[in-house]
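S.K.: can't give you the sequence, but here's the structure:
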């Protein structure tokens, strides 16, 4: 074995010709040594030992008499070890077969050297016989201090280090270095980098320690330049390439990760070709050969497939032969999806086997064996298929095992099982168990119950092998807005509190115009009974605002303090009934300096409809709301986190009037369905929801709705994409007149009509959404699958279309003063003017201060009541869901197809923490 003679704390260089290098070189190059095995590497030491065993005779003069050889003993009298540092001499002696008392021979010494070399523990070793005293001299291999990777940019350390054998504190061996070099190169080949090179180096340290450095030259990524297919006549090259995972490198495939060459992907593509032909009826199809060749420039690959298509088959006689007493063969044969004369399709046969197996499992035959028997007729090109259900015992659950739950209590998982010990096995119940455990979101994704044979043929063991994942959420965000100044938000939530499946949460939000705090608790199984419950305690302060010029003014303030309790019981496996009680204390106020004035002239300050609007004046006050609710829910989704199939239906009613100051009945309905489109990963969903609120108490005054503003429905972002927050439905637009810069008076057209600014610009239009009593909303969405890289990032793009409307509020009127000076146009729109117009308002008050009822000196304004229509609004667009490290993130680009005058559109919207 090559001797590492240069030592010290500085690096040393060693290669096949290390003896020719200058002594000052410090890095040991291992690459040139890795071609030799441990036995061959020990040959220099073996030769040295043989020379020690058989020393050359001393030179003598030609005429001198031959000296008489001294007698020498061949019996081993002692064996000693020289040079051992970490290893005990007795340990080293245990590796060889030489023993005291044996006869010392050259062949025995050679075997001992081979044994020492096979341990790979020594950098150098030799054996010397000194008159029966055998001396073994060794130089131990160093201990690895650390592993260093250099030059790896495409593959990070966390991808390479777990794949290599060498590790700190291990004994350095060249065989492991060879294996690690091969493994690293193989990892790069998997990435399509076939030109990657790895050069191992060793840096020697004191105390016989070394650092192992792998210098990596990654090289360019090898692409698939071309895919050739020979022998195909029924399908074009483009059709067959479309079925393959590997794609040709083109400018349009810049973002695709499947254009690189991968031998495993090449083998998979052969299976894909075979599957495609088998689904088209070509039962004799085979891939004769698949060859990948490097291009002359050694950069890319050209893949060539040679195929034999064969003849196309049709289904012949298709039937079921059931050996299970609970199944009628003839009845099942009539319900098979394939019929005589249909083109043969192996995928249909495979799906039928799965369906029959699942059907048998529902009747308790967990280990039902369904075997399709094929009988091919080459003359008629018919494929006869018989599905044989072999006889099997009805199976019962022997036990249920829960493994891997280090935090979650057993009962949390066990209560989601739809089967218990002693129950008859049912595959549908197992599927439902999978869905319920996955919906907990406490464990790994795509959890499945493992089924294994029990102690008897009619017994089965169900195992839940779970992997805990974090269920606590701690979020904190801070921002700055030109409108709200500093914005702070924080929340903490534990969805599996103390491993009991309970949810505890606390959230706080603060900004200049909104503040809220909420504490919540929920338990799906109160006192370990099948009754769910929860409570929320909250305080919410909200300030609505508008702009006068470029100055922001608060329009109204609403403070809500209350709590909500709920309890639910399951009615069936998929249906539950939930009751709730909510108590809210609302205090709505307006800025008295901005919206109050002496309207009647009696010296009493009150809300001025000209300044605030009648709808706001009717909202102010303190109210207590006592609300009782009942909800009927149906849920068959396969996952509550990211469903791909199933549906949810919810019908709810609320009655406000069990005490308190507010009385109404509110009804809501919501239904949503998910479909997994084939096996391509596309998920299609539709949603429909609606609601209505019926007042039970009249409020006095003309143009005053019987439902308070804060109790009505509102529609817009994020529920209705393509519109602003509360951007759909009844609203009041306050438009100001355009001023003539020369006279500072309102501009008029040729007919003398005042011109108003109709653009929704800050300070030019005041837009106040006032909600409605009725609404409906519909949505259709198709989620598009992406590659594995995008899936790992949590990206899920989709295309969607939304339709909806909000309407049904009493048309507001505005009383200016007791004289009722008010003007309407033919459309019923309210017109108001300042001095020189229809309504006269003194510019100054008696004390000489400006009259705040004048918006601006000489400025006219008008209020328009718009959007109160059940006519559908329609939008469509594309969006992306991203499970970012900061929480769920949604971005949408929308196009409005249909709207109603007054609706506020938004082409681009994004939401954080909201999932659709």
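M.R.: Structure received. The structure presented is a predicted model; accordingly, all values stated were derived computationally and were not measured.
S.K.: How many neighbouring residues does residue 250 have?
M.R.: Residue 250 sits with 11 neighbouring residues when counted by other CB atoms under 10 Å. (Glycine included, C-beta is placed from N, CA and C.)
S.K.: Could you find the closest non-adjacent residue to it?
M.R.: With CB to CB, 6 or more residues apart in numbering as the measure, residue 259 is the residue that lies nearest to residue 250, at 7.8 Å, once sequence neighbours are left out.
S.K.: Quickly note the distance from the residue lying closest to residue 463 once chain neighbours are set aside to residue 465.
M.R.: Once flanking residues are discounted, residue 463 sits nearest to residue 450: 4.2 Å by CB to CB, 6+ apart. Using CB to CB, to the nearest Å, residue 450 is found at 6 Å from residue 465.
S.K.: With residue 453 instead?
M.R.: Taking CB to CB, one finds residue 453 at 16 Å from residue 465.
S.K.: Dihedrals phi and psi, the closest residue to residue 406 other than its chain neighbours?
M.R.: Spatial nearest neighbour of residue 406, chain neighbours left out: residue 468 (5.4 Å); criterion: CB to CB, 6+ apart. With angles defined as degrees, to the nearest 10, residue 468 sits at phi -60, psi 140.
S.K.: show me where pLDDT drops low in the stretch 701-850 of the chain?
M.R.: 702, 744-745, 752, 759-765, 787-794, 813-850 (pLDDT under 70).
S.K.: Show me the strands in it, by range?
M.R.: Ranges of strands in the stretch 701-850 of the chain, per DSSP state E, counting those that start in this stretch, are 731-736, 739-740, 745-746, 765-769, 774-783, 795-807, 823-824, 830-832.
S.K.: could you say what helices and strands the fifth one packs with?
M.R.: Put plainly, it is strand 774-783. Other helices and strands packing on strand 774-783, by 3 or more CB pairs under 8 Å, 6 or more residues apart in numbering; DSSP states H and E, are strand 682-695, strand 795-807.
S.K.: Enumerate the positions of it that are buried.
M.R.: The neighbour-count check on strand 774-783 (16 or more other CB atoms under 10 Å) flags 774, 775, 776, 777, 778, 779, 781, 783 as buried.
S.K.: Quickly name whichever of the residues you listed is closest to residue 501.
M.R.: Set against residue 501, the nearest of these by CB to CB is residue 783 (28.8 Å).
S.K.: which residues pair with the residue nearest to residue 406 across the strands?
M.R.: Assessed by DSSP bridges, residue 468 has beta-bridge partners residue 443.
S.K.: right, and it touches residue 403 too?
M.R.: No. Checked against CB atoms under 8 Å, the pair residue 468 and residue 403 is beyond contact range at 11.3 Å.
S.K.: of these two, who's got more company?
M.R.: residue 468 (15 against 12).
S.K.: Neighbouring strands of the host helix or strand of residue 564 in the sheet, and parallel or not?
M.R.: Using DSSP states H and E, residue 564 falls within strand 551-570. Applying DSSP bridges, strand 551-570 is found paired with strand 532-548 (antiparallel), strand 575-590 (antiparallel).
S.K.: any residues touching stretch 288-305, and which ones?
M.R.: Stretch 288-305 is contacted from outside by 194-195, 220, 222-231, 246, 249, 261, 263, 266-267, 269-270, 273, 287, 306-308, using CB atoms under 8 Å, 6 or more residues apart in numbering.
S.K.: Between its first and last residues, what's the separation in it?
M.R.: End-to-end distance for stretch 288-305: 8 Å, by CA to CA, to the nearest Å.
S.K.: Also stretch 387-399?
M.R.: End-to-end span of stretch 387-399 (CA to CA): 32 Å.
S.K.: Can you check which of the strands paired with strand 551-570 gets nearest to residue 126?
M.R.: Evaluated with CB to CB, the strands paired with strand 551-570 place strand 532-548 nearest to residue 126, the distance being 78.2 Å.
S.K.: Flag every buried residue along that closest one.
M.R.: 532, 533, 534, 536, 538, 540, 541, 543, 544, 546.
S.K.: That one versus strand 765-769: what angle between them?
M.R.: 160 degrees (axes from the mean of the first three to the mean of the last three CA atoms, to 10 degrees).
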